[in-house]
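Asks: coords please:
(chains A and B)
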Amino acid sequence: MRALAPGLLALLLLAGPARPEALVVSLSFNRLAVTSTYAGTSVAVFGAIERDGQAASRAGGYDVVVTIRGPRQSLTVREKEALGPAWVNRSQQKFAEVPSFLAVLSSRPLAEVADEATRRRLRLGLASIIASPDLTLTAPTADDPFREALLRLRQRERLFTESEAGVRFLSPSVFRTTAPLPATAPVGAYDVEVVLLAGGVALARREERFDLVKSGIEQRIAAAARDWSLAYGLAAGALALISGWLASVIFRRD
Amino acid sequence: MQIYLPIAEMPVSVLVLLGLGAAVGFVSGLFGIGGGFLMTPILIVMGIPPAIAVATQTAPIVASSTTSVLAALRRNALDLRLGLVLVLGGFVGTSLGVWFFAAVRRAGQLDLIITVAYVTLFTVVGGLMLTESLRGFWARRRGRARPARLGGDHAAYMAWPLRMRFPRSRLYASVIPILGLALFVGFTGAVLGIGGGFILVPALLYLMRVPTGVVVGTSQFQILCTSFVALVLHAVQNQAVDIVLAVILIAGGVFGAQFGARAGRNLRSEYFRFLLAILVLAVGLRFAVELVLRPEEPFSIVVQEAR
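Replies: Now for the predicted structure:
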């Protein structure tokens, strides 16, 4: 929540009570059951721009940036350095509250949507999100190799993605976008933030959320492992013993 | 065919895992080792979180060692007495290892300790075994039969106090070095997330001079007891045992272990030692290369906690 506060404040100051534009956003699902055949999915975001009758039409047209954030995790990025002949983890940087999944989809390249200061302030784009100072305890430096590494590694795993033409306008005031969720994206709560801009200025912001939840047998196994851990462990052990015994009966030749 | 793992929270290919389980099971049945030192790194490479890989791979080890122990019992190739002494020492060693593991993790150098330990242990054990078996080959080629084991050629440590008779292994030796060995194996196993069979087998062969036929059965017995306890402990402490993954690995593993055990019976003793030496050495060198080579990506991410 702390991460969003400056952005929110900026929007409130900017828009005031008589906000000419408002956003209506809907997701293709709000709760998705992860079953044994789950191999990733994609979430579609639909949106409409509602305009106050007196609002003047925007000369440059609207821009939309959709940011999907997965469950937060705290993590450490380590760097291997040469120590004699060996390569050893030496320096490290701790991060708190990093989204486990990040997808940024925009209607135009982010550099054209807003200038860098605005992008930083509103956390638009992977670079701005990763550069935000509240990810670490220490103040960020100009080009932090650990932040770059975090971004690079997660992008390689397809857990952080940025799509410059991901949002399509179906009409001047209706848009949609689809974000793929790889199967490696963890279960949990996902925030979808939609920001409407015009001429580099934020006009409206809307947040929705969806949940990926384990269901059926997956959910029951996970619950048993958590709530009945001793019984679960003994069951796993018994299962292994019985399979071993069965195999020796089946394959017995002597 | 893909299936979603409920604890690891990721989909995996069932066929690949079955094949992997069978391959590791074959090696494990062949040499009388657990195979954890092969399975754990492969699972991690497949993207399964390390804690879950280490915890879950104990289940197929329990299964395959159960099969081996039952087979050894039928062939009377198991020294139960020696096995129980090894289990006793092993439990103490495992507890110490778990404690040491936590201490090193707090210090933040777990990766380094594990890699260095793998390199040292595997290259030293593998190298010793390789020279020994090569020496055996040369002696044979020169037409000289290697001297058969005599009653009196025990090392000095065998004559320490607290001597105990192990009739099945034709051994009359002090319990102290045996307990010490089991303690070391249990300790290393807990720190490295492996069963330790690959240390136990050569140690019993070369240091204790236990006959080859008995070594495999006895070491499997020790592995069975240790990995069963490890499996339950992992489930209780870390909730990291993925039972779906375990079932797939077990299914592949028990088949592989059968063929491995059969192949092992037809294998001549010298070849057996030679092949095991090569395997252990190869794993050690792989870790050495990883340690010494300039990494392509020097950065790595470790997730502490998700919320």
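Asks: please make it C-alpha for all contacts and neighbour counts, starting now.
Replies: Fine.
Asks: where does the stretch 101-250 of chain A dip in pLDDT?
Replies: Segments of the stretch 101-250 of chain A classed as low confidence (criterion: pLDDT under 70) are A:138-143.
Asks: please list the residues of it that sit near chain B.
Replies: Neighbours of chain B within the stretch 101-250 of chain A, by Cα under 8 Å from any Cα of the partner chain: A:146, A:149-150, A:153, A:183-184, A:186-187, A:214, A:218-219, A:221-222, A:225-226, A:229-230, A:232-234, A:236-237, A:240-245, A:247-248.
Asks: can you tell me which of those are in helices?
Replies: Counting by DSSP state H, the part of these found in helices is A:146, A:149-150, A:153, A:218-219, A:221-222, A:225-226, A:229-230, A:232-234, A:236-237, A:240-245, A:247-248.
Asks: among the residues you listed, the buried ones, what's the PyMOL command?
Replies: To isolate the buried subset of these in PyMOL, counting by 16 or more other Cα atoms under 10 Å in any protein chain shown, use the following:
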select buried, chain A and resi 146+149+150+153+218+219+221+222+225+226+229+230+232+233+234+236+237+240+241+242+243+244+245+247+248
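Asks: so who does B:V244 touch?
Replies: Residues counted as contacts of B:V244 (Cα atoms under 8 Å, 6 or more residues apart in numbering or on different chains) are B:L5, B:P6.
Asks: secondary structure element for it?
Replies: For B:V244, the element it lies in under DSSP states H and E is helix B:243-266.
Asks: anything in whatever helix or strand comes next after that helix sitting right up against chain A?
Replies: Note on helix B:243-266: by DSSP H and E, the next helix or strand toward the C-terminus is helix B:269-292. Yes: using Cα under 8 Å from any Cα, helix B:269-292 reaches chain A at B:L291, B:V292.
Asks: and the contacts of helix B:269-292?
Replies: Residues lying outside helix B:269-292 but in contact with it, judged by Cα under 8 Å, 6+ apart, are A:85-88, B:31, B:115-116, B:118-123, B:125-130, B:133-134, B:136-137, B:198, B:212, B:264.
Asks: so which of those residues are in strands?
Replies: Within the contacts of helix B:269-292, residues falling in strands by DSSP state E are A:A86, A:W87, A:V88.
Asks: so how many other residues sit close to A:G199?
Replies: Neighbourhood size, A:G199 [other Cα atoms under 10 Å in any protein chain shown]: 16.
Asks: now it. Nearest residue, chain neighbours left out?
Replies: Leaving aside its chain neighbours, A:G199 sits nearest to A:G60 (6.1 Å; criterion: Cα to Cα, 6 or more residues apart in numbering or on different chains).
Asks: helix, strand or coil for the one you found?
Replies: Put simply, A:G60 is coil when judged by DSSP: H, G, I helix; E, B strand; the rest coil.
Asks: from A:S173, how far off is it?
Replies: Separation of A:G60 from A:S173 (Cα to Cα, to the nearest Å) stands at 13 Å.
Asks: who has more neighbours out of those two?
Replies: Shown here are A:G60 and A:S173; by other Cα under 10 Å, A:S173 has more neighbours (14 against 9).
Asks: that one contacts A:F46, doesn't it?
Replies: No: A:S173 is beyond contact range of A:F46, at 11.0 Å (criterion: Cα atoms under 8 Å).
Asks: any shared contact partners between the two?
Replies: Contacts common to A:S173 and A:F46, judged by Cα under 8 Å, 6+ apart, are absent.
Asks: isn't A:T41 right next to A:T184, touching?
Replies: No: between A:T41 and A:T184 there is no contact under Cα under 8 Å: 10.5 Å.
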